[in-house]
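Colleague: here is the input, now give the coordinates:
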Amino acid sequence: MNNSSLNCPVVLQTGFRIFFLGAAVYAVLSMAFWLLFYVAGGNIFVAMPLTVWHGHEMIFGFTMAVVAGFLLTAVTNWTGLPTLNGWPLLVLFLFWVAARIFAFMPLSFPLWPMAFCDTAFLGFLIIAVIRPIIAVKQWKQSAVFSKLILIFLSGIVFYGALFNKDFKNEHKALLFAVYMLVSLVLTISRRVLPFFIERGIGYPVVLRNSKLLDAASLVLILAFSIIDVFFHFPFVVSVLCVLLVVVHTLRLAGWYTYGIWEKPLLWILFVGYVFLIIGFFLKALTIFNYQLGDSALHAFTAGGIGIFTLGMMSRVSWGHTGRNIADAPSGLVFIFIPIAAGAVIRVFSPVLGPSKYVLWIGGAQVLWMIAFGLYLLFYFRILVSPRPDAKWG
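Modeller: Just a heads-up that it's a prediction; the model follows:
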């Protein structure tokens, strides 16, 4: 390690520190503005309807910051090679920050600075992730970086549609990006959730995995994503979703053991996975009631992706700063309960009580902000402080 590395600020030593901080702050800030303008009904944003802005910033703003922090850390563990730290990591982060700032510019402000910074951030991230993977020829990681590339392409298509005021293709690009993030969560879950459970449950357990279920999941999620976004075959989509519900219910059943409910860092990831299954179930039912499509979308996003990302942020922030995962504080439940409760409200209440739709949505937004606000309150000091064992990272 050279002298410049030794002088590197703690928050720039590993990707998860600065990006998890940024993601959590933006989770609170962007949702506060979304709540304000959702209720007020105004639109100050760059060439976007409010719903498009909200969707884009939740996907390419909040979620991709979490993905960046996770992958920059995970790839180092997978390959044994460093990813970004110091000034290169700061440059990557500043591209992300600049794009978020430009997202709040008024309608008269040009769109291209936001598009440039967002595209530069994603392109730089892909290079940072793929370089060590290629260096060690770890081609099994293609299941991860291929989805990252497809999300990057979705972002380019989105901005192309936005420049041309093509709302239909804006929606398609965002929806495809959501499905690629769902697929990425499923891939990461397959790798880490059984591993986490077996080593963190506190008693011997051997969890089952199936190559048949793995192959079925890969084929079905790809078919579902393409057909639902680019073609209009509702019956085929419903059949694919039913099959995905079966595949992932069987997979999750193979990972279940009663002890997860005593470990907040385990059950929160399990609950996030359950919401993805609920998303496929509700999507299958849209053939009978198209209004369920919104609930299905938010089961994927506010439920599956939101809950899983907060769970991974909490676990990585604790374990990768040199702390004992088996001794994680019980107070984490106060972070996790609000986001799980908010997801339940966002997904189910508009269907069960549509007359109070705005109230339900507002409640879910507030619970989201509470969850990530508590994450910041709990983890800020941890993320900006050196490891207790004085090691790098």
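Colleague: give me the distance between Thr321 and Arg17.
Modeller: As judged by Cβ to Cβ, to the nearest Å, Thr321 and Arg17 stand 8 Å apart. In short, each C-beta sits where N, CA and C put it, glycine included.
Colleague: ok, the two, which is more surrounded?
Modeller: Arg17 (28 against 21; other Cβ atoms under 10 Å).
Colleague: residues contacting that one?
Modeller: Arg17 makes contact with Val10, Val11, Gly69, Ser317, Leu383, Val384 under the criterion Cβ atoms under 8 Å, 6 or more residues apart in numbering.
Colleague: list residues touching both of Thr321 and Arg17?
Modeller: Leu383.
Colleague: His54 against Trp34, yeah?
Modeller: Yes - the criterion here is Cβ atoms under 8 Å, and His54 meets it with Trp34 at 5.1 Å.
Colleague: now do the helices in the stretch 51-200 of the chain.
Modeller: Using DSSP state H, counting those that start in this stretch, the helices of the stretch 51-200 of the chain run over 64-79, 86-102, 112-135, 142-163, 167-200.
Colleague: right, so these: which one is the most enclosed?
Modeller: Each of those was scored by mean neighbour count; the highest is helix 64-79, a mean of 23, by mean count of other Cβ atoms under 10 Å.
Colleague: show me the shaky parts of the chain.
Modeller: The model of the chain has pLDDT under 70 over residues 1-6, 40-47.
Colleague: residue nearest the centroid of it?
Modeller: Thr63 (4.1 Å; Cα atoms, centre = their mean).
Colleague: for it, what are its contacts?
Modeller: Per Cβ under 8 Å, 6+ apart, neighbours of Thr63: Ala23, Leu181, Ile305, Thr309.
Colleague: ok, now which ones touch the second one?
Modeller: Same thing as Leu181. Ile59, Thr63, Val67, Lys147, Ile151, Ile305.
Colleague: repeat that with 6 Å
Modeller: Thr63, Ile305 (Cβ atoms under 6 Å, 6 or more residues apart in numbering).
Colleague: quick one: it from Leu150, how far?
Modeller: 10 Å.
Colleague: same check on the first one?
Modeller: Taken as Cβ to Cβ, the spacing of Ala23 relative to Leu150 amounts to 21 Å.
Colleague: isn't Glu57 right up against Ser30?
Modeller: Yes - between Glu57 and Ser30 there is a contact at 5.2 Å, judged by Cβ atoms under 6 Å.
Colleague: tally of neighbours for Phe270?
Modeller: Using other Cβ under 10 Å, Phe270 has 21 neighbouring residues.
Colleague: do the same with Asn324
Modeller: The burial count for Asn324: 9, using other Cβ under 10 Å.
Colleague: ok, the one 10 residues further on next?
Modeller: Other residues near Phe334 come to 15 when the count uses other Cβ under 10 Å.
Colleague: can you give me the helices for the stretch 201-350 of the chain?
Modeller: 211-230, 234-255, 264-285, 292-298, 306-319, 333-352.
Colleague: for the last one, buried residues please.
Modeller: It stands for helix 333-352. For helix 333-352, the buried set under the neighbour-count rule, 16 or more other Cβ atoms under 10 Å, comprises 335-350.
Colleague: farthest-separated two in the residues you listed?
Modeller: Pairwise distances across those (Cβ to Cβ) peak at 24.8 Å, for the pair Ile335 and Pro350.
Colleague: which parts of stretch 245-258 are buried?
Modeller: Val245, Val247, His248, Arg251, Leu252, Trp255.
Colleague: looking at the residues you listed, which one is closest to Gly362?
Modeller: Using Cβ to Cβ, Val245 is the member of those that lies nearest Gly362, at 30.1 Å.
Colleague: wait, the closest one sits on Lys283?
Modeller: No - between Val245 and Lys283 there is no contact under Cβ under 6 Å: 9.3 Å.
Colleague: list the contacts for Ile370?
Modeller: Counting by Cβ under 6 Å, 6+ apart, Ile370 has contacts Pro338.
Colleague: tell me how far it lies from Arg251.
Modeller: Counting by Cβ to Cβ - Ile370 and Arg251 are separated by 31 Å.
Colleague: ok, which of the helices of the stretch 51-200 of the chain comes nearest Asp389?
Modeller: helix 64-79 (16.8 Å).
Colleague: now the angle between helix 86-102 and that closest one, please.
Modeller: Angle of helix 64-79 versus helix 86-102, following axes from the mean of the first three to the mean of the last three Cα atoms, to 10 degrees, is 160 degrees.
Colleague: what packs against helix 64-79?
Modeller: For helix 64-79, the elements it packs on are helix 15-40, helix 112-135, judged by 3 or more Cβ pairs under 6 Å, 6 or more residues apart in numbering; DSSP states H and E.
Colleague: pipe those helices into a markdown table and attach distance to Trp78 per row.
Modeller: Output for the helices and strands packed on helix 64-79, formatted as a markdown table (distance: least, Cβ to Cβ, whole Å):
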| stretch | distance to Trp78 |
| --- | --- |
| helix 15-40 | 13 |
| helix 112-135 | 8 |
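Colleague: relative to Ser238, which of these is closest?
Modeller: Ser238 sits nearest to helix 15-40 of all those, at 30.0 Å, using Cβ to Cβ.
Colleague: which positions within that closest one qualify as buried?
Modeller: Buried residues in helix 15-40 (16+ other Cβ under 10 Å): 15-31, 33-35, 37-38.
Colleague: backbone phi and psi for the nearest residue to Trp318 once chain neighbours are set aside, please?
Modeller: Closest residue in space to Trp318, ignoring its immediate chain neighbours: Ala328 at 5.6 Å, by Cβ to Cβ, 6 or more residues apart in numbering. Phi and psi for Ala328, reported as degrees, to the nearest 10, are phi -70, psi 140.
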